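Asks: The amino acid sequence is not available; the structure is as follows:
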């Protein structure tokens, strides 16, 4: 890391010549480098008839030491997770879910209360048509419900006191981002790993939280701090659900599309610049709009999903922290609950601030920073909140995130252009304060100070 002056002058931080590399780290010797210590390798071969689940597999080996006092176990875990865009998931002409549950004779489902009110009759008619029993647990899933208590309640429904779900029986989860997080975590805990199918009914759950392996619940003053890595075995994305969302919820989810456009996909960014406002107003061409806008909506959703899962799905356990989809999520987990912001607005504020920080570090041009901020504002997302000036809170957020990311560094994703990013291992306090001041001054040009539409939980009746 290149040090800068801390004597009150403006700091300039240079990008490293090698992407994401700031220091040399010690590499411990591997087993192959210590042949003298190897005695024998044992591998267990398992017959297919003993396999627990169709979606999970694993293998391993045990290496005995020459001293008869030690051994080393190495194991691998393999899973299969599929994501599909579908039309009319609960229309009887679509057999996708029926083919999955027909042989089991029942479907155990955890359903968001609002979704049950709007689509419950359609769900029941669907499973009745295929002569599949539907056992539902309907629950409210607001941000304030994202607690360990909610997870325990779902576990009771899945367990012996409820439906007694077996270890290879896929639970159906139908709802938004909060439900995907807490129900996914409940499935991770039930029998230590029970498969589930996710039908995302919001933009967030359809393109981000739904297919994500990071199931979770909130901890004290820090979002998503308790959880497990457990992705759905199947994610079905049907944008027809978006037609019944409040526009504020549509806008909230668009932030997760923009983060992937900024860090990974310049074509997606260009599509959002041209069509983003129309997609928000039309609820992704489900309320109004031409056939061509519908095709654009499908392309935007697919591109966002593919870019996200290209990094999230292939780094399933966050083994590495070069994660572009964490853009906008470095400081926001701390200031989002403190300011009671909608998640998407907290992310967009984090993205806009991160873009200004990248400018201060010399990583990003002013023109590209302006494009990022202007796109967020064009769809009604926030780009500034006064809570950013609480330096103690922001520093605490960095400390929390550094621990969450393995204590090897902050590794904050920051844009280096449209469709590209790099990772800041550390953001010293002086640089953080400098960037906060620069972003505050930059946002003073906006009549609304950088505020977005319906940016607070209370604006959508969620607090």
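Replies: Looks like it came in fine. This one's a predicted model, so the numbers in the text were calculated from it and none came from an experiment.

Asks: which other residues reach stretch 396-414?
Replies: For stretch 396-414, the surrounding residues in contact (C-beta atoms under 8 Å, 6 or more residues apart in numbering) are 20, 22, 25, 222, 225, 263, 318, 321-327, 330-335, 354-355, 357-358, 361, 363-364, 421-427, 432. Backbone N, C-alpha and C define where each C-beta goes, glycine included.

Asks: What is the end-to-end distance of it?
Replies: 19 Å (C-alpha to C-alpha, to the nearest Å).

Asks: Pull out the buried positions in it.
Replies: For stretch 396-414, the neighbour count (16 or more other C-beta atoms under 10 Å) marks 396-398, 400-402, 404-405, 409-414 as buried.

Asks: so how far is that stretch from its chain's centroid?
Replies: 16 Å (C-alpha atoms, centre = their mean, to the nearest Å).

Asks: Then stretch 405-422?
Replies: On the basis of C-alpha atoms, centre = their mean, stretch 405-422 is displaced by 16 Å from the centre of the chain it belongs to.

Asks: I'd like the average pLDDT over it.
Replies: The pLDDT scores in stretch 405-422 average 95.

Asks: count of residues packed around residue 297?
Replies: If you count neighbours by other C-beta atoms under 10 Å, residue 297 ends up with 22.

Asks: swap that for residue 327, sorry
Replies: Neighbours of residue 327 (other C-beta under 10 Å): 24.

Asks: longest helix in the protein, by residue count?
Replies: helix 291-312 (DSSP state H).

Asks: name the helices or strands packed onto that helix?
Replies: Here helix 291-312 touches strand 82-85, helix 203-207, helix 247-263, helix 266-281, going by 3 or more C-beta pairs under 8 Å, 6 or more residues apart in numbering; DSSP states H and E.

Asks: Just name the most buried of those.
Replies: Comparing the helices and strands packed on helix 291-312 by mean neighbour count (mean count of other C-beta atoms under 10 Å), helix 203-207 comes out on top with a mean of 30.

Asks: Nearest to residue 254, out of the buried residues of stretch 396-414: which one, please.
Replies: Set against residue 254, the nearest of these by C-beta to C-beta is residue 413 (18.4 Å).

Asks: so residue 218 makes contact with residue 227?
Replies: No. With contact defined as C-beta atoms under 8 Å, residue 218 and residue 227 do not form a contacting pair (9.6 Å).

Asks: Who has more neighbours out of those two?
Replies: residue 218 (24 against 19).

Asks: helix, strand or coil for that one?
Replies: Following DSSP: H, G, I helix; E, B strand; the rest coil, we place residue 218 in the strand state.

Asks: Equivalent analysis for residue 224, please.
Replies: Residue 224 is classified as strand under three-state DSSP.

Asks: That one: what's it in contact with?
Replies: 181, 214, 216-218, 333.

Asks: Top of those by number of neighbours, please.
Replies: residue 181 (27 neighbours).

Asks: May I see the helices and strands packed on helix 291-312 organised as CSV, with mean pLDDT and distance to residue 437 added?
Replies: Putting the helices and strands packed on helix 291-312 into CSV (pLDDT from 0 to 100; distance: least, C-beta to C-beta, whole Å) gives the following:
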stretch, mean pLDDT, distance to residue 437
strand 82-85, 96, 42
helix 203-207, 95, 31
helix 247-263, 98, 23
helix 266-281, 98, 27
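
Asks: And the ones you listed: which comes nearest residue 312?
Replies: That would be, of the helices and strands packed on helix 291-312 and by C-beta to C-beta, helix 247-263, which comes in at 10.0 Å.

Asks: re earlier: drop the exposed ones from the contacts of stretch 396-414 and show what's left.
Replies: Among the contacts of stretch 396-414, those classed as buried by neighbour count (16+ other C-beta under 10 Å) are 20, 222, 263, 321, 323-327, 330-335, 354-355, 357-358, 361, 363-364, 421-427, 432.

Asks: What about those residues, which are in helices?
Replies: Among these, the ones falling in helices (DSSP H) are 263, 332-335, 354-355, 357-358, 432.

Asks: rewinding a little: and the longest helix of the chain, what's its mean pLDDT?
Replies: 97.

Asks: what comes up buried for that helix?
Replies: 293, 296-298, 300-301, 303-309, 311-312.

Asks: What is the distance between that helix and the centre of its chain?
Replies: 15 Å.

Asks: for stretch 250-257, same thing?
Replies: A distance of 12 Å separates the centroid of the chain from that of stretch 250-257, by C-alpha atoms, centre = their mean.

Asks: if we can go back for a sec, a markdown table for the ones in helices among the buried ones among the contacts of stretch 396-414, including distance to residue 109?
Replies: Below are those laid out as a markdown table (distance: C-beta to C-beta, whole Å):
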| residue | distance to residue 109 |
| --- | --- |
| 263 | 34 |
| 332 | 31 |
| 333 | 30 |
| 334 | 34 |
| 335 | 35 |
| 354 | 38 |
| 355 | 41 |
| 357 | 43 |
| 358 | 43 |
| 432 | 45 |
